[in-house]
Structures are given as structure tokens and as C-alpha cells.
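In: any chance you could fold what I've pasted below:
(one chain, ligands or ions: 2)
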Amino acid sequence: MIKIKKVTLHHITQTIKEPFTSSIGHVTERDSILVEVTDLDGVTGWGEVVAFSTPWYTEETITTAFHLLKDLLIPLVKKETINHPNHLQHIFKNIKRNNMAKAALEGGIWDVFARKQELSLSHALGGVKTEIESGVVIGISTISKMTEQISQYLDNGYKRFKVKISPKQDIELIKIIRNQFPDLPLMADANSSYSLNDIDRLKELDQYHLMMIEQPFASDDIIDHAKLQHELNTPICLDESIVSCEDARKAIELGSCKVINIKPGRVGGLTESKKIHDLCQKHNIPVWCGGMIETGISRAHNIAIASLSNFSIPGDISSSSRYWEEDIVYPEIKAVDGKIAVPTGLGIGFEVQNDVIVKYRNSVTVF
Ligand SMILES: O=C(O)CCC(=O)c1ccccc1C(=O)O
Ligand SMILES: [Mg+2]
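Out: Residues are numbered from 1 along each chain as shown. Ligands and ions are numbered 1, 2, ... in the order given. Okay, here's the model as predicted:
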């Protein structure tokens with residue numbers, strides 16, 4: 001049983017080692033809100049808001065998430081006695097969307113719950129794996145820089161390589177990568193930069209045996225994704241289109257995709273992530289865990305959810321050092337030979353380093 005005593009929001013800003021570019025956004029400075037939840041028994045758990053500073057990926061921002069947490073979500077949870085984190089969906093039922101704000105608080109409460117059950121977060125969620133396979137993302141830059149990065153990440157042992165594409169740089173890029181790395185487990189993420197008018201162009205990509213093409217069309221376009229999937233041999237993976245288990249059900253029913261990328265932040269938390277995982281498993285749709293250029297706290301949540309059995313494709317869970325000089329958690333999150341061990345300690349299984357938070361912190365607010 002959890003009765004929340006205190007929620008502390010730490011607003012931090014970190015500089016990414018090298019700027020990250022997709023077809024819709026460019027990130028150099030990364031703001032995050034770290035959510036520290038303490039219950040009446042003195043147990044503390046951690047969550048993280050993964051929204052960006054501007055609404056380029058989804059409609060939420062760090063500022064809207066702060067407002068939701070401060071004015072609505074934290075007051076709601078402080079009123080309740082929480083028997084299980086699954087109940088948060090009911091507690092939040094009259095607040096539409098704002099999934100990343102909800103997921104951050106829910107994630108902190110899942111961590112508290114797992115600790116009180118004396119379980120790792122992985123085991124509390126029903127995870128079965130002892131290690132997960134790690135994939136990496138190569139942002140948009142010049143083709144030569146991108147192939148150079150692939151070589152470097154191959155040497156690091158990463159198991160799956162995702163390159164960002166757009167109509168401005170796609171076929172030529174994929175062709176060159178394929179020539180240079182014939183057997184590379186390669187996929188492409190378009191971040192909604194195409195429309196049905198580009199169907200011939202996308203069909204040309206079929207010959208490069210990509211593992212999948214992620215989110216070619218707009219986020220609300222599951223109809224056109226279904227049309228495309230019927231014409232394409234390469235599996236379509238949906239990212240931005242799936243913000244709930246209901247979305248997943250409809251996409252599966254329409255045949256809009258053959259794979260789903262689950263990000264706990266995008267879908268409103270770990271409970272909804274697990275539901276989507278279970279639904280996909282029933283329909284033989286493999287899933288993998290996406291990334292949000294996040295700190296070790298959110299990465300730890302991702303590792304825990306990715307330990308469930310139907311996360312059968314390596315996700316975008318790379319070493320923290322891919323983006324950060326220094327990780328918020330200890331020990332730092334590290335892929336070794338392309339694998340990350342699922343921690344066995346209580347809760348997220350990593351120690352959150354207060355001195356590192358303080359270094360990057362703009363403000364701290366206690367509720
Ligand atoms: O390495 C990562 O954390 C994931 C990188 C990535 O692809 C991404 C990063 C930010 C927002 C959206 C996406 C995406 O999956 O589309
Ligand atoms: Mg994506």
C-alpha cells in the first residue's frame with residue numbers, strides 16, 4: 001500500500017555530446033524533469049518526464065508536463081491510497097492525454113511499489129530476461145558521417161542500427177549503407193516525413209531488406225499506413241501513432257503495421273506499455289522499446305519493461321555515454337557486447353546520484 005507523502009520535481013538541463021537530428025527536430029540541450037516520489041513509509045522512487053522543450057515529437061513540453069504534475073496529477077495522487085500502480089490509470093481517468101506527465105509520476109510510483117514488494121522493477125512488471133539486447137540510433141547528418149558512426153557502433157557491439165531518413169535523404173543513404181554493410185541489422189525511422197504520394201519511393205526501399213521502416217506517415221494516419229503496409233514487403237513499425245493500447249488494437253486490426261515501438265512516456269506509463277506488450281504478443285506482433293534521449297532514470301525504466309518476453313527486437317536503449325558525459329544513475333548504464341544486464345536490485349536497480357542532479361539542476365520544487 002502506498003500513501004504519497006512528498007513529490008520533488010528536479011528540473012535539469014544537460015548538453016548532449018553531439019547534437020541529435022531527425023526529420024522533425026534537432027536537440028542540443030536536453031531539459032528533463034526528474035520526479036522523486038516518497039511515501040509515508042519513507043520509500044523513495046524515481047521517474048522522469050521525457051517530453052522535449054518544444055512540441056516537435058508529441059504535443060507535450062517540459063513546461064506543460066510541469067503544469068500537469070503541479071496543478072493536477074500530484075494533488076490527485078496525494079489524496080489517494082494506492083494499492084497497486086495499475087490503479088493510477090483510474091485515478092487519472094478524467095485527465096486526457098498528457099501521457100508523458102502521467103508516465104513520469106506513474107514511473108516513480110512503480111519504483112516505490114517494486115521496492116516495497118522487495119522486487120526489481122523488471123520482476124514487478126513480469127519481466128523474464130536477465131539481459132536485453134541494445135540497439136543504437138544514428139541521427140541525420142552527412143552520409144559519410146553516418147556510415148562512420150555505424151562502423152564505430154558496430155565495433156562497440158550494438159545489435160541493431162536505426163538511421164533517420166526523410167525524403168531529402170533516403171534511398172541513396174540506405175543503398176550506400178547496404179553496400180558497405182551487407183548483413184547489418186538495419187532499419188530506418190522517418191518520423192512522419194512521408195505521405196501516401198511517396199509510396200513508390202518507399203517501395204524502392206524494399207530491395208534493401210530493412211528490418212522495418214518506422215513511422216513513415218503522420219501520427220494520426222493509421223489508414224494510410226495500412227494502405228502502405230499492403231503494398232510493402234518491409235514491415236512498418238509504428239511509433240508516434242500509438243499512444244494507447246486502443247491505438248495498438250486498431251492499428252493491428254487495420255493491418256497498419258507489423259511491429260510496434262513502445263515508449264512508456266508516449267503511451268502514459270509502464271502499465272499501458274505492458275498492456276500493449278500483452279496485446280501485441282497475442283497477435284504475434286513483436287515490440288521493442290524506443291528511446292527519448294533520456295537520463296539513466298528513464299533508461300532504467302526502459303530496461304525493466306524491455307525484459308518482458310515479447311520485446312523480441314533490440315530497442316533504442318543504448319549506453320548512457322552515447323549522449324551524456326556523466327549519468328544521473330550509478331553505475332552508469334552500459335551496453336557490453338551489445339547487451340545490457342537487467343539489474344536485480346530493488347526497484348529500478350540503480351542508485352540516483354543527488355550530487356550529479358545538483359550539478360545540472362535549474363530548480364527544485366517540493367509538493
Ligand atoms: O536514442 C534514443 O534515445 C532514441 C532516438 C530517437 O530515435 C528519437 C529521439 C527523440 C524523439 C523521437 C525519437 C524516435 O524514436 O522517433
Ligand atoms: Mg521513432
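
In: residues of the stretch 201-350 of the chain that sit close to ligand 2?
Out: Within the stretch 201-350 of the chain, the positions near ligand 2 by CB under 5 Å from the ion are E214, D239. In this view, the C-beta of every residue, glycine as well, is placed from N, C-alpha and C.

In: how about the residues of this structure by ligand 1?
Out: Y57, V137, D189, N191, D239, G290, G291, M292, I293, D316, S318 (CB under 6 Å from any ligand atom).

In: and the last one, what does it touch?
Out: Contacts for S318 (CB atoms under 8 Å, 6 or more residues apart in numbering) come out as S134, G135, V136, V137, Y158, G291, A335.

In: what about the residue nearest to the first one when sequence neighbours are not counted, how many neighbours?
Out: Translated: S134. Nearest non-adjacent residue to S134, counting by CB to CB, 6 or more residues apart in numbering: A335, 3.8 Å away. By the criterion of other CB atoms under 10 Å, A335 has 26 neighbours.

In: now do the one 3 residues further on
Out: Applying the criterion other CB under 10 Å, we find 20 residues in the vicinity of G338.

In: touching, it and S134? I think so.
Out: Yes: between G338 and S134 there is a contact under CB atoms under 8 Å: 5.2 Å.

In: spit out the residues that contact the two alike.
Out: Residues touching both G338 and S134 (CB under 8 Å, 6+ apart): Y158, K159, P314.

In: and which of the residues you listed is nearest I348?
Out: Within the shared contacts of G338 and S134, proximity to I348 (CB to CB) peaks at P314, which comes in at 20.4 Å.

In: what's near enough to touch that closest one?
Out: By CB under 8 Å, 6+ apart, P314 lies in contact with I132, E133, S134, G135, Y158, K159, R160, P185, W288, G338.

In: name whatever forms a beta bridge with the second one.
Out: When you say that, I think you mean E133. With DSSP bridges as the criterion, E133 is bridged to K339.

In: neighbours around it, how many?
Out: E133 has 23 neighbouring residues, counting by other CB under 10 Å.

In: sorry, back to before: out of the contacts of S318, which sit inside strands?
Out: Residues from the contacts of S318 lying in strands, with DSSP state E as the criterion: G135, V136, V137.

In: residue of the stretch 151-300 of the chain nearest ligand 1, please.
Out: Ligand 1 sits closest to G291 of the stretch 151-300 of the chain, with a gap of 2.4 Å, by CB to the nearest ligand atom.

In: just give the nearest non-adjacent residue to that residue, would you?
Out: Once flanking residues are discounted, G291 sits nearest to D316: 3.4 Å by CB to CB, 6+ apart.

In: again, but for V112
Out: Closest to V112 by CB to CB, 6+ apart is G45, at 3.6 Å.

In: outside of the helix or strand containing the one you found itself, list whatever touches it.
Out: Using DSSP states H and E, G45 sits in strand 44-49. By CB under 8 Å, 6+ apart, the residues outside strand 44-49 that reach it are 32-38, 62, 65-66, 69, 100-101, 103-115, 265, 294-295, 297-298, 301, 347-348, 352.

In: just checking, next helix/strand downstream of it?
Out: Counting by DSSP H and E, the element after strand 44-49 in chain order, helix or strand, is helix 62-68.

In: K3 reaches T38, doesn't it?
Out: No: here K3 does not reach T38: they are 10.5 Å apart, not a contact under CB under 8 Å.

In: out of those two, which sits in the busier spot?
Out: Neighbour comparison, K3 and T38: the larger count goes to T38, with 17 against 13 (by other CB under 10 Å).

In: what angle do the helix or strand that one falls within and strand 44-49 make?
Out: Here T38, judged by DSSP H and E, is contained in strand 26-39. Relative orientation of strand 26-39 versus strand 44-49 (axes from the mean of the first three to the mean of the last three CA atoms, to 10 degrees): 150 degrees.

In: in strand 26-39, what counts as buried?
Out: For strand 26-39, a neighbour-count test (16 or more other CB atoms under 10 Å) marks V27, R30, D31, S32, I33, L34, V35, E36, V37, T38, D39 as buried.

In: tabulate those residues in JSON lines, adding columns for pLDDT and distance to S141.
Out: Shown next, in JSON lines, are those (pLDDT from 0 to 100; distance: CB to CB, whole Å):
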{"residue": "V27", "pLDDT": "87", "distance to S141": "13"}
{"residue": "R30", "pLDDT": "97", "distance to S141": "18"}
{"residue": "D31", "pLDDT": "97", "distance to S141": "23"}
{"residue": "S32", "pLDDT": "98", "distance to S141": "24"}
{"residue": "I33", "pLDDT": "98", "distance to S141": "29"}
{"residue": "L34", "pLDDT": "98", "distance to S141": "30"}
{"residue": "V35", "pLDDT": "98", "distance to S141": "33"}
{"residue": "E36", "pLDDT": "98", "distance to S141": "36"}
{"residue": "V37", "pLDDT": "98", "distance to S141": "39"}
{"residue": "T38", "pLDDT": "98", "distance to S141": "43"}
{"residue": "D39", "pLDDT": "98", "distance to S141": "45"}
